[in-house]
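Q: return a 3D structure for these sequence lines:
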Amino acid sequence: MADQVEIRTGAYYDSVSLMQVSQTVAAAPGVDAAQVAMATELNLGVLRGMGFDVPAAGPNDLVVAIRGDDAGIAAGRAALDEALAALRSVATQAGGFGEAPAPRTLGATIRRAEANLALVSVPGQHATTEALDAVDAGVSVMVFSDNVPVEDEVRLKDLAARAGVLVMGPDCGTAVVGGVALGFANVVRTGSVGVVAASGTGAQQVMCLLEAAGVGVSHVLGVGGRDLSAVVGGRSTRQALAALADDPATETIVVVSKPPAAEVLSDIESYAAGLAKPVHWATLGAGRPDLTAAVEAVLTSQGRVVEWPRWEVDQAPATGASLRGLFCGGTLADEAMLVAGQALGDIRSNTPLRPDLALGPDLTDPGHLVIDFGDDTMTQGRAHPMIDPSLRLERIAAEATDPTCGVLLLDLVLGHAAHPDPAPGLADAVRAARATAEADGRTLPVVVSLTGTEDDPQGLSRSASLLRDAGASVFLSNAAATRQAVRLLGRAPAEPVSGASPAAYGTGASRQGAEPADALHGLLTADLSVATAGVSLFAESVRAQAVPVSETAWQPPLAGTGRDLAVVLADSRRHEANRLAFERMVAAGADLVDVRPAHGALGLEKGTFLHAGPPITFDRASGPLKGALIGAMLFEGLADTPDEAEARLEKGDGIILEPCHHRDAVGPMAGVISPSMWLYELHDDVHDNSSWCSLNEGLGKVLRYGAYGPEVIDRLHWMNSVLGPLLQQAVRARVDGTGPIDVKAIIAQMLQMGDEGHNRNRAGSLMLLRELLPTMITADASSTAVAEAVRFSGANEHFFLNLGMPACKLATLAAHGIPGSSVVTTMARNGTDFGIRVSGTGDEWFTGPAQTPQGLFLGSYGPDDANPDIGDSAITETAGIGGFAMAAAPAIVRFVGGDVPFALRATQTMYEITVGEHPSYQVPILEFRGTPTGIDVAAVARTAVLPQINTGMAGRAAGVGQVGAGLVNPPQECFTGALAALAALATRAARPPAAAG
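A: Predicted coordinates:
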């Protein structure tokens, strides 16, 4: 027998899906044990408990552990790969050719589906981000996720109140809205009782007791287990009470909760007294009614009397002295401790009624104890025990061997989204536990609290019969089950407190803080359309109720960005700042106004060279950048040979290297600009900015790709003496005659003619030539010079690129320097580093290692010949064209690799990480939708979607030139660094000013 343990980074799946994958792998022939899970501390502990040696891993990593013989491990791996491939296929599938992939954020899903209710079940540390999306969209949201910081809950609920929507949760397990069950909810009839529940299984207990009495519910509005705590202060409870008071289908309201903070309950009771409908209280606590007594009070007010179902067996008194309550439902566990504690005294727990009763980390004690397997600490990276009961089943077996265990008190909760058939497995565990005790000469009575209805998918009576046949006594009432467990320990349980005290409230004709008639934007009376993020099981459950559901293809954010992301998303300046950045970016003009040498345009002194990308020294420069600098030295006459040029560059004597972006210029590939080179000059009249770029040399062995042979230097001299002066005459004549050339207008038109503006510029180059030819052919130059210039320009399909780049620079320059904005205004590469700059962080660069493009190669070149990504031409993607407009130019895939569906998906995916759609740059095949524009650092971090860039590939060695073209993404370090800086600035901006004096 052998073990195989593997860590897969960057592979996220929800806990329910992985539970199913684990079962599939474990069932493969020859597999003795298997576990596939996210590498949370809880799951790693389980794996170590199974005897696996687990290497270091993070919570966003997937851990695969298989035990078996060689054939079994091979079979297990095959089953694993097949199961994961099926999950990926479902997660990424589109509805047809060219249809957009599923949105990565809940906000995008809500907008696309026009949903009016959202459900969040992602890991707790990420839930606030998704819930904020719903609130921002004006949609109420149920947050099933637990492990959400309480300060996030307060902030969410305050924002929701201002938006007129309801946050149900966090840790909201159950809700019913307009007859639609959300999360763990039972199938009950529609009726007139509305429920406000700071408790999931508590709400289910109340629902099921009402159903057994023939009374239905109108709505069940969960508010989260902490809503009635002192910190949260009943924020959502007030909203829910107000909404139900306005709801025409609701006649009576019941408030359900775990033990609330006394002062908060008092405030809520006073609030409820002002409502025009009666309010009953099923709020657990010392001296207060249990849930069953509270429901009986509701029924009494309606003139009903009922005897609750039970399925009992004769059981001998317990041999052991201690109660062992093993629960999946937290409120049921609390109620059991309250009821049993009156007779048994102190009960220890992982969710104790008093802090001094807390269990240790091993969750064991020889005395009375109750364990809530659904507590936050036990669900990190694992499915809730109502879905995956394996940990509790293991504990049942362990308790059976403990002679101090007197009675096992268990719950079983049926309904939507729960385990499809949990009773047989629990019955087997009960039967085995009783047999283990009997073999040891002990009696082990088992009592089960069964929460469910006959119409639940699992079936109430069927489940009860299976458990009774296994030897357990089964009760619909959790309080009744607990009292029976106490009796079996030889103790007399305390009598229940009457639910008639405190009395029902709500006799007022008006209510305090009345909400408008369309409370919660009409949610309680609308036909639901639900958007979900997280566990697919919940979406399937809603879909099974014939309700439209749209799922988010959710993935965790970039590793290590959780808290920074929360700070940036909460920055009150961000939305307005990003709106302003976007508006400036799309409003910026781009007119070609001049062509002139760099020494005059940029003030470059001899020995100063501009280059692409973030700052770099010659010793760290890549081969193409070194080659271009060597060529520029030869061109400027600062060296006679390449060796001399390189030696002087290495020494640095009299040589200054500076990024093009530092002078508002841009350079393709190596991007080298020397003082004598001629530049296009573009101007933005809207914001009074200018930008510059060198003239395009064509393809192949050219300076920008790092070549510096004689033919390269000769071409530069010809461009310097013939092409530059001729273009200057042509542009100035055009400006003086009919005005400057509108480069932005050319970009808009070329996108509709099959170009994307980065690696495909055919239409743009021809349109530019059309604008220049009339004045080029009339320039004061020889016919031979004019013919050479026209022939060179017309044969160069990338002639326009060097105008598109500064046009895009002007757009991003207009958006730069806005406090609070998370919009990227520069993406640039120097062949070693990839760097970005962000509007809200000023001129600081955030860098990471440049990646090597993947694509198609020229001639005999291959991947080993390609240098990492280089050039300022990613400014096109930064402004919303290039790789972001691939759908406008599906033919680009013949140049950079990929296929047409990829080109369409690439553009549609970029909408996930951008602020808006460019009103001028439109994509015909997407029904003239604007290109995705304004890369948002926070959206990149949140979705883990990196910008798509189309690029040429330079040879790794200096002097080689171009070797191919392909696709590349920035390194994530750029965005995590920028996000951290934005978070620091946001924190600083949020601090109150220091007191004067």
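Q: report pLDDT for the residue of the chain most remote from its centre.
A: Among the C-alpha atoms of the chain, the one most distant from their mean position (C-alpha atoms, centre = their mean) is that of Ser782, at 62.0 Å. For Ser782, the model assigns a pLDDT of 94.
Q: same question for Ala504.
A: pLDDT, Ala504: 51.
Q: what packs against the top helix by length along the chain?
A: Across the chain, the longest stretch assigned as helix under DSSP state H is helix 70-92. Applying 3 or more C-beta pairs under 8 Å, 6 or more residues apart in numbering; DSSP states H and E, we find helix 70-92 packed against strand 2-8, helix 15-26, strand 31-38, strand 62-68. The C-beta positions use only the backbone N, C-alpha and C, and glycine is treated the same way.
Q: least reliable of those going by mean pLDDT?
A: helix 15-26 - the lowest mean pLDDT of those, at a mean of 83.
Q: just to revisit the earlier point, got the buried residues for the following helix or strand past the longest helix of the chain?
A: Toward the C-terminal end, the helix or strand that comes next after helix 70-92 (DSSP states H and E) is helix 106-113. By neighbour count on 16 or more other C-beta atoms under 10 Å, the buried set for helix 106-113 is Leu106, Gly107, Ala108, Thr109, Ile110, Ala113.
Q: and stretch 39-53, how far out from the chain's middle?
A: Remark: stretch 39-53 is offset 26 Å from the chain centroid, using C-alpha atoms, centre = their mean, to the nearest Å.
Q: and the contacts of that stretch?
A: Outside stretch 39-53, the residues that touch it by C-beta atoms under 8 Å, 6 or more residues apart in numbering are 3, 5, 7, 33, 35, 37, 54, 57-63, 65, 67, 377-382, 391.
Q: switch to 6 Å and redo it
A: 3, 5, 33, 35, 37, 54, 57, 59, 61, 63, 65, 380-382 (C-beta atoms under 6 Å, 6 or more residues apart in numbering).
Q: quick check, nearest of those to Ser721?
A: Nearest to Ser721 out of the contacts of stretch 39-53 is Asp61 (C-beta to C-beta; 59.7 Å).
Q: just checking, the closest one touches Thr9?
A: Yes: using C-beta atoms under 6 Å, Asp61 is in contact with Thr9, at 5.2 Å.
Q: the stretch 201-350 of the chain: helices as residue ranges?
A: With DSSP state H, counting those that start in this stretch, the ranges of helices along the stretch 201-350 of the chain come out as 235-246, 262-273, 291-301, 330-344.
Q: got the ones you listed as CSV, with mean pLDDT columns?
A: Output for the helices of the stretch 201-350 of the chain, formatted as CSV (pLDDT from 0 to 100):
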stretch, mean pLDDT
helix 235-246, 97
helix 262-273, 96
helix 291-301, 95
helix 330-344, 96
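Q: and Thr617, which of those helices is closest to it?
A: For the helices of the stretch 201-350 of the chain, the distance to Thr617 is smallest for helix 235-246, at 55.6 Å, taking C-beta to C-beta.
Q: the closest one packs against which elements?
A: Contacts defined by 3 or more C-beta pairs under 6 Å, 6 or more residues apart in numbering; DSSP states H and E place helix 235-246 against strand 190-198, helix 262-273, helix 519-522.
Q: let's see it at 7 Å
A: If contacts are counted by 3 or more C-beta pairs under 7 Å, 6 or more residues apart in numbering; DSSP states H and E, helix 235-246 sits against helix 150-163, strand 190-198, strand 217-222, strand 252-257, helix 262-273, helix 519-522.
Q: out of the ones you listed, nearest to Arg579?
A: Closest to Arg579 of those is helix 150-163 (C-beta to C-beta; 17.8 Å).
Q: hmm, who's touching the next helix or strand after that closest one?
A: Once helix 150-163 ends, the next helix or strand along the chain (criterion: DSSP H and E) is strand 167-168. The contact list for strand 167-168, computed with C-beta atoms under 7 Å, 6 or more residues apart in numbering, reads 131, 141-143, 156-157, 160, 175, 221-224, 236.
Q: pick out whichever of Asp61 and Thr9 has more residues nearby.
A: Using other C-beta atoms under 10 Å, the more surrounded residue of Asp61 and Thr9 is Asp61, with 18 against 11.
Q: for the residue nearest to that one when sequence neighbours are not counted, what are phi and psi?
A: Leaving aside its sequence neighbours, Asp61 sits nearest to Ala39 (C-beta to C-beta, 6 or more residues apart in numbering; 4.5 Å). Main-chain dihedrals, Ala39, degrees, to the nearest 10: phi -80, psi 60.
Q: on that earlier part again, can you say which of the helices and strands packed on helix 70-92 is nearest to Leu460?
A: Of all the helices and strands packed on helix 70-92, helix 15-26 sits nearest to Leu460, with 23.5 Å by C-beta to C-beta.
Q: what residues of the closest one count as buried?
A: Under 16+ other C-beta under 10 Å, the buried positions of helix 15-26 are Ser15, Val16, Ser17, Leu18, Met19, Gln20, Val21, Ser22, Thr24, Val25, Ala26.
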